[in-house]
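Peer 1: Fold the following and give me the result.
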Amino acid sequence: MGRPVVLNSSGKAVHKYGDVSRETLERLQIYVDLVLKWQPAQNLIAPSTIPDIWTRHVADSLQTQWSYPKARTWVDIGSGGGFPGVVTAILLADEPDGHVHMIESNQRKAAFLRTALRETGSSGTVHPGRIESVAKEWRHGQVDAVSARALASLDLLFQLAEPFTAQGAKAVFHKGQDFQREVNEASDSWAFDLVEKESLVDPVSRMLVFSNISARSK
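Peer 2: Sure, this is the predicted structure:
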């Protein structure tokens, strides 16, 4: 479970997949320690991935914010254990206007997310409830981007994110080796612009950045 990073002479954390500050690395370590502490009771990540938590979860989640660095206000849907929502909040912790809203229906996981934000000193709000309900009643201002990881098919993700993307938010979704099939299927019902980025963690996976998303007329 070692961190795939070293510190260079200027104090920057040179990550295997990119650079983060020493402060960010410290926050990430606090978060990982919390995940491992809560894991036996909460099952926050698949047990088989615990030995590779820094690569399978942390590094993979870093790519969300890196894929759209201009975004300051995020909504992470189906946040679970906080990958990528908490990681995005940690990356934005030193940005005065950085904030991540996390929507999670499981009350115990929502409690964990609040703890993770507090302990890492990151700016975020946890919204306990179903994604559809929270999004429909949204009263928390403009959103720059919506994220999701290992949550649902692309077509369903577009439906869940529509209250935000209809107002101009971009969508940043992690997808595995079947990403092209999902893109093709979703394009039957949705129009969108897509920027495809190869995953830094898994060469067959992709970070998909969508903009100008709209439902096609039926």
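Peer 1: report the longest helix in the chain, please.
Peer 2: In the chain, ranked by residue count with DSSP state H as the criterion, the top helix is helix 22-42.
Peer 1: what's the spacing between that one and its chain's center?
Peer 2: 16 Å (CA atoms, centre = their mean, to the nearest Å).
Peer 1: Need the residues that contact the following helix or strand past that helix.
Peer 2: Next in sequence after helix 22-42, counting helices and strands by DSSP states H and E, comes helix 53. Applying CB atoms under 8 Å, 6 or more residues apart in numbering, the contact partners of helix 53 are 1, 32, 35-36, 45. No exception for glycine: its C-beta is placed from N, CA and C like everyone else's.
Peer 1: Columns distance to residue 82 and neighbour count on top of those, output as TSV?
Peer 2: TSV is the format used below for the contacts of helix 53 (distance: CB to CB, whole Å; neighbours: other CB atoms under 10 Å):
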residue	distance to residue 82	neighbour count
1	17	10
32	11	16
35	8	22
36	13	14
45	10	19
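Peer 1: those helices in this structure, which residues are they?
Peer 2: 22-42, 53, 60-67, 85-91, 107-120, 131-136, 154-165, 179-186.
Peer 1: Burial check on residue 149, number of neighbours?
Peer 2: For residue 149, the tally of surrounding residues (other CB atoms under 10 Å) stands at 23.
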